[in-house]
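>>> Generate a structure from the sequence data that follows.
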Amino acid sequence: MTRHFLQLTDLSPAEALAVVHRASALRAQPDPGYRPFVGKTLAMIFSKNSTRTRVSFESGMARFGGHALFLHSGVTQLGRDEPIADTARVLSRMCSAIMIRNDSQADQAEMAAYSRVPVINGLSDLHHPCQLLADMQTWIEHRGTIAGRTAAWIGDGNNVCHSFIQAATLFGFTLRIATPVGYEPKTDLVAAAGAAVQICSSAADAAAGADLVVTDTWTSMGQEAETQRRLRDFANYQVDAALMRRAAPDALFMHCLPAHRGEEVAAEVIDGPQSVIFDEAENRLWAQMALLEFLLAA
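Okay, here's the model as predicted:
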C-alpha cells in the first residue's frame, strides 16, 4: 500500500522515532557510496516560495543518487486549472514520489488520493510535518529523548504549531501554547492531543521551566497585508532574553526560519548560545532523506 506523509500522524510513534534516528545516523556517517535512489525521481510542486524545503529535498535526492524536478505551479498545467486528480495520475506514472508545498491541505489530500506514489507535504495551510521531523531530530541530538519534557510554543497558532501539537502526542512531551486572542491553533487538533497540550494565558506562563522554546514569524506568506495589525497583536509575544530566563537553564531555542530579528525573536536569543536554528535547518536535509527512504521502501 502506498504511504503518504501529509501530516505528522501519518506515522506511528515508533515509525516517527525510527525516521528521526535514521536521519541522525545519515548525518553522523554520510556514505557517498550509498545511492538507493538511482533511477528514481521526485516531483517537487511549489506554489509558495521556499529555500530550505527546495534545497533539502533536491540535495537529498542527489545524495541518494536520484533526481528532483522543480515544478512551479505557475509554469505547469496546475497553473492553468488542470484538475489536481489528473496531475496526480500523470506525475505518479512518471515519478517515484511527489512533494507539494502549497496553501491547501485539502488539495494535497486530493493529490494523494489519486497518486500511485507517496505524496509528501512540504508545507500547507494546516501542517508542516517535515519541519517537525527535523526539530525532533535536533532536540534528540542535543538533549536525548524528548519524552517527558516540556516545550513552549510562543506566537501564532499556525501550521508549524499544528505539527508541534501532533509531535507532542507522537514523541510524548508536553506542549504549552501561548498565542494572542484570535490566533489560537485549531481547536480540533488541540482536543485530539488531550493532556499533551496546554493553552496558556501568557508567553511567560508557557515558557516557565520549559526545556524548549519555539517561535515562528508573526506574519506568514500570504498574510503581508496583515503585518501592521499582527505587529500590534503580537507585541507581548517576543522571545527575548527575559523570556528565555523563565525557561529551564539549559533550554534550547528553535525557529523554523526565515526569522525577523527584533519581532518574534530578539537577536540576542536567536544568535545566542541556546539557539540551535542552523542545526535545525540542516536537519531538514537528513530528516527528509530518512523520510524518503522510509516511504519508498514501504
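
>>> where along the chain do the helices fall?
Along the chain, counting by DSSP state H, helices occupy 13-28, 52-63, 84-94, 105-114, 129-143, 159-171, 187-193, 203-207, 227-233, 241-246, 267-270, 277-297.

>>> for the longest one, packing partners?
Counting contacts by 3 or more CB pairs under 8 Å, 6 or more residues apart in numbering; DSSP states H and E, helix 277-297 packs against helix 13-28, helix 52-63, strand 97-101, strand 119-123, helix 129-143, strand 252-255. From N, CA and C alone the C-beta is placed, and that goes for glycine too.

>>> tell me the angle it makes with strand 97-101.
Counting by axes from the mean of the first three to the mean of the last three CA atoms, to 10 degrees, helix 277-297 points 140 degrees away from the direction of strand 97-101.

>>> List the buried residues for helix 277-297?
For helix 277-297, burial by neighbour count (16 or more other CB atoms under 10 Å) applies to 277, 279-296.

>>> same check, this time on the fifth one
Under the neighbour-count criterion of 16+ other CB under 10 Å, helix 129-143 has 129-141 buried.

>>> what distance separates that helix from the centre of its chain?
When C-alpha coordinates are averaged (CA atoms, centre = their mean, to the nearest Å), helix 129-143 and its chain have centres 9 Å apart.

>>> Which strands or helices does that helix pack on?
If you count contacts as 3+ CB pairs under 8 Å, 6+ apart, helix 129-143 packs onto helix 13-28, strand 119-123, helix 159-171, strand 252-255, helix 277-297.

>>> With only the CA atoms kept, save the last one in PDB.
Looking back up the chat, that one is helix 277-297. Extracted in PDB, the C-alpha atoms of helix 277-297 (Å, rounded to 0.1, in the frame of the first residue of the first chain):
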ATOM      1  CA  ILE A 277      18.500  27.100  14.500                       C
ATOM      2  CA  PHE A 278      21.200  26.200  12.000                       C
ATOM      3  CA  ASP A 279      21.400  22.500  13.100                       C
ATOM      4  CA  GLU A 280      17.600  22.600  12.900                       C
ATOM      5  CA  ALA A 281      17.800  23.900   9.300                       C
ATOM      6  CA  GLU A 282      20.500  21.400   8.200                       C
ATOM      7  CA  ASN A 283      18.400  18.600   9.700                       C
ATOM      8  CA  ARG A 284      15.700  19.300   7.100                       C
ATOM      9  CA  LEU A 285      18.100  17.600   4.700                       C
ATOM     10  CA  TRP A 286      18.700  14.500   6.800                       C
ATOM     11  CA  ALA A 287      15.200  14.100   8.100                       C
ATOM     12  CA  GLN A 288      13.700  14.300   4.600                       C
ATOM     13  CA  MET A 289      16.300  11.800   3.300                       C
ATOM     14  CA  ALA A 290      15.200   9.400   6.000                       C
ATOM     15  CA  LEU A 291      11.600  10.000   5.300                       C
ATOM     16  CA  LEU A 292      12.000   9.400   1.500                       C
ATOM     17  CA  GLU A 293      13.900   6.200   2.300                       C
ATOM     18  CA  PHE A 294      11.100   5.100   4.600                       C
ATOM     19  CA  LEU A 295       8.300   5.900   2.200                       C
ATOM     20  CA  LEU A 296       9.900   4.500  -0.900                       C
ATOM     21  CA  ALA A 297      10.600   1.200   0.900                       C
END
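
>>> which residues of the stretch 51-200 of the chain score low on pLDDT?
Along the stretch 51-200 of the chain, the parts satisfying pLDDT under 70 run over 75-80.
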